[in-house]
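# Just the structure for this:
(4 chains)
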Protein chains: 2
Amino acid sequence: MTYLHEKFSGCLYVAKIDPIRRAEIGREKRARTRAQLVAAANSLFARQAVESVTVDDVVKEAGVAKGTFYVHFDSLEAVTAAVAEELVRSFDELLQPGRGSLTDPALKIAFGCYSFIDKALKDPLWASVVARLAAAAPKGGEIARRRLFEDLQQFSKALPDDGVSAELKLEIVVGIMLQILRALGEGRLSSIDRDAAISAILRAIGLNAQEAKSVLMRLPATPMSDNSSRSATK
Amino acid sequence: MTYLHEKFSGCLYVAKIDPIRRAEIGREKRARTRAQLVAAANSLFARQAVESVTVDDVVKEAGVAKGTFYVHFDSLEAVTAAVAEELVRSFDELLQPGRGSLTDPALKIAFGCYSFIDKALKDPLWASVVARLAAAAPKGGEIARRRLFEDLQQFSKALPDDGVSAELKLEIVVGIMLQILRALGEGRLSSIDRDAAISAILRAIGLNAQEAKSVLMRLPATPMSDNSSRSATK
DNA sequence: TCTCATATTGACGTGAAGGTCGAATTGACA
DNA sequence: TGTCAATTCGACCTTCACGTCAATATGAGA
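Purely as a prediction, here's the structure:
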């Protein structure tokens, strides 16, 4: 019986399921392991410098074997990029609901900055990771940069020329935001006034105190729901 | 003859010069080698990330043997700190002549920022090194930070409260400056308008456009001599 | 229960970087 | 020119992280 079965199945009958189905089966397990690795890297980046993290660190943190790492990623840069991508994606998602309704460029910019700082204040680990990745993997945030730049161009058009190019404004806004992030991550500025920070940014890019205040008041209330308990890993 | 001489000198006569004199003799050679190592590290930091520089890189660049490195420094961090210290010292020196005469805090701040950006524009290698070290060895710039903070406190006192703490202002100014440095080092912003940048900074910390312009006009002309040919290594 | 594609494992080879130390060099002095 | 202390040299050892791969485990379908 066994013999017959083996011969039968081995030569003609079994062996070919559906290759597409096969891939589907693997996908879930595969995706879970990959997510574990990304989460582990994220978690490590919250604790130590990006450059000091090793493959061994990541696999240990993720609880998988070293070989598994290389099934999912070519190198540390690859997993770092994945972490950055996930961070950008998730923040973007967070922004969508509020952002859609805004048309005034100044408001869009203020809203984005406000949400960013708000998130950083509520989730210091997130702040640490973003600050470190911004330095180590600037590639990741490029999309966000581009969007901000477009808003700034629009914004500049609707303003009497103040001699500050949109390119310079971009660097100024990004510089302020990243520095605040770093400061939060390093324990300086344990609690700052979001409004004050946004106001400074708006004034730096050309609004006067009056206008900045007006923009602040027109900001959608509580730009993000305050479920601050979730860790940076999510 | 040889025998007598050896015995004579070896036992009684020679052997003890003056230990203080000895040290003096070595000092010059020693200092030169140390300076070579610091210059080599500086030069490497202008080309590649601080963390990617190895001891072998440094000694190769300096043209000395590995063992020599460890005579002068305990580790890469030590030589990195030395580079940072030298950078701060030399910039400070550059600032002294113009800074002495200034009493208005806004003017002091503007002058410092202007000189900084000016230097960065004239010496992109310097900009790269400072930008990288600011991220990798924040310890080094602490003195500069402290001085800027004091100026900002004075500045804030003489201003109607705008809700922005001096601590936050410090991060804002530093953030803008470092980001401009990074942008220059990475080729974005190949040439920016110094006045525009300073104006943005002044407005961010509470001045209105009018006042910012006034401060800019009161800046000492050509804050630094423009011998821009010297490389970042010096 | 058996089979097979897929995913996972971890021991291992390789090379690069850190750090050491006895030998060699240098140069002021007698 | 010989001596000695200070400096420099570079071969060598050690550690550690990278990346590989043959062996093993998993689990859906027959």
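# which residue ranges form the helices in chain A?
A:2-8, A:19-47, A:55-62, A:66-72, A:76-99, A:105-122, A:124-136, A:142-157, A:166-185, A:194-204, A:209-218 (DSSP state H).
# gap between the last one and the chain center?
This means helix A:209-218. 28 Å (Cα atoms, centre = their mean, to the nearest Å).
# low pLDDT regions in chain A?
For chain A, the stretches with pLDDT under 70 are A:1-27, A:222-234.
# For DNA strand C, what's the nearest residue on it?
DNA strand C sits closest to A:Gly67 of chain A, with a gap of 1.7 Å, by Cβ to the nearest atom of the strand. C-beta coordinates here come from the backbone N, C-alpha and C atoms, glycine included.
# Please report the distance of the residue nearest in space to the middle of chain A from A:Leu148.
By Cα atoms, centre = their mean, chain A has its centre lying nearest to A:Leu87, at 2.0 Å. The spacing between A:Leu87 and A:Leu148, counted by Cβ to Cβ, to the nearest Å, is 16 Å.
# Kindly report the same for A:Lys122.
Distance of A:Lys122 to A:Leu148, computed by Cβ to Cβ: 21 Å.
# So for the two, which sits in the more crowded spot?
Counted by other Cβ atoms under 10 Å in any protein chain shown, A:Lys122 and A:Leu148 do not tie: A:Leu148 has more neighbours, with 21 against 15.
# ok, the more buried one - contacts?
Taking Cβ atoms under 8 Å, 6 or more residues apart in numbering or on different chains, we find A:Leu148 in contact with A:Ile109, A:Gly112, A:Leu170, A:Val173, A:Val174.
# if I pick the third one, what's in contact with it?
So the one you mean is A:Leu170. A:Arg145, A:Leu148, A:Phe149, A:Leu152.
# what do you get if the cut-off is 6 Å, keeping everything else the same?
A:Phe149, A:Leu152 (Cβ atoms under 6 Å, 6 or more residues apart in numbering or on different chains).
# And the second one, by the same measure?
A:Gly112 makes contact with no residue, according to Cβ under 6 Å, 6+ apart.
# Any figure for the gap between it and A:Phe149?
According to Cβ to Cβ, A:Gly112 stands 12 Å off from A:Phe149.
# Pretty sure A:Asn42 sits against A:Val83.
Yes: counting by Cβ atoms under 6 Å, A:Asn42 touches A:Val83, with 5.0 Å between them.
# how deep is the spatially closest residue to A:Glu51 that is not a sequence neighbour tucked in, by neighbour count?
In this structure, A:Glu51 finds its nearest non-sequential neighbour in B:Glu51, 4.4 Å apart by Cβ to Cβ, 6 or more residues apart in numbering or on different chains. By the criterion of other Cβ under 10 Å, B:Glu51 has 16 neighbours.
# Same check on A:Val71?
Neighbour tally, A:Val71, other Cβ under 10 Å: 12.
# how far away is it from A:Ala62?
To A:Ala62, A:Val71 is 12 Å away according to Cβ to Cβ.
# what's the burial count for A:Pro138?
13.
# scratch that, A:Ala221 is what I was asking about
Neighbourhood size, A:Ala221 [other Cβ under 10 Å]: 5.
# count of neighbours near A:Pro97?
So A:Pro97, with other Cβ under 10 Å, has 12 neighbours.
# picking up where we left off before, dump the helices of chain A into CSV; add distance to B:Ala166 as well.
Below are the helices of chain A laid out as CSV (distance: least, Cβ to Cβ, whole Å):
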stretch, distance to B:Ala166
helix A:2-8, 82
helix A:19-47, 29
helix A:55-62, 39
helix A:66-72, 46
helix A:76-99, 30
helix A:105-122, 18
helix A:124-136, 21
helix A:142-157, 27
helix A:166-185, 13
helix A:194-204, 11
helix A:209-218, 18
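# How about A:Phe69: what's its closest non-neighbour residue?
Nearest to A:Phe69 is A:Val59, by Cβ to Cβ, 6+ apart, at 5.1 Å.
# Am I right that the one you found is in contact with A:Gly67?
No: proximity of A:Val59 to A:Gly67 does not meet the contact threshold set by Cβ under 6 Å, at 8.8 Å.
# Give me the more crowded residue out of these two.
More crowded of A:Val59 and A:Gly67, by other Cβ under 10 Å: A:Val59, with 19 against 8.
# where does that one sit relative to chain B, distance-wise?
21 Å (Cβ to the nearest Cβ, to the nearest Å).
# Provide the backbone phi and psi angles at A:Gln48.
phi -140, psi 170 (degrees, to the nearest 10).
# got the CA positions of stretch A:184-204 in CSV?
Presented in CSV, the C-alpha positions along stretch A:184-204 are these (Å, rounded to 0.1, in the frame of the first residue of the first chain):
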residue,chain,number,x,y,z
LEU,A,184,13.4,65.8,23.1
GLY,A,185,15.2,62.5,22.4
GLU,A,186,18.2,63.6,24.5
GLY,A,187,16.1,64.8,27.4
ARG,A,188,16.6,68.6,26.9
LEU,A,189,13.3,70.3,26.4
SER,A,190,11.4,67.6,28.1
SER,A,191,8.2,69.5,27.6
ILE,A,192,7.8,72.4,25.2
ASP,A,193,5.0,74.5,24.1
ARG,A,194,3.9,73.3,20.7
ASP,A,195,2.3,76.6,19.9
ALA,A,196,5.5,78.5,20.6
ALA,A,197,7.4,76.2,18.4
ILE,A,198,5.0,76.5,15.5
SER,A,199,4.8,80.3,15.9
ALA,A,200,8.6,80.5,15.7
ILE,A,201,8.6,78.4,12.5
LEU,A,202,5.9,80.5,10.9
ARG,A,203,7.7,83.7,11.8
ALA,A,204,10.9,82.3,10.4
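# Any buried residues in that stretch, and which?
Of the residues in stretch A:184-204, A:184-185, A:189, A:192, A:194-204 count as buried by neighbour count, 16 or more other Cβ atoms under 10 Å in any protein chain shown.
# same check, this time on stretch A:122-130
Those would be A:Asp123, A:Pro124, A:Leu125, A:Trp126, A:Ala127, A:Ser128, A:Val129, A:Val130, for stretch A:122-130 by 16+ other Cβ under 10 Å.
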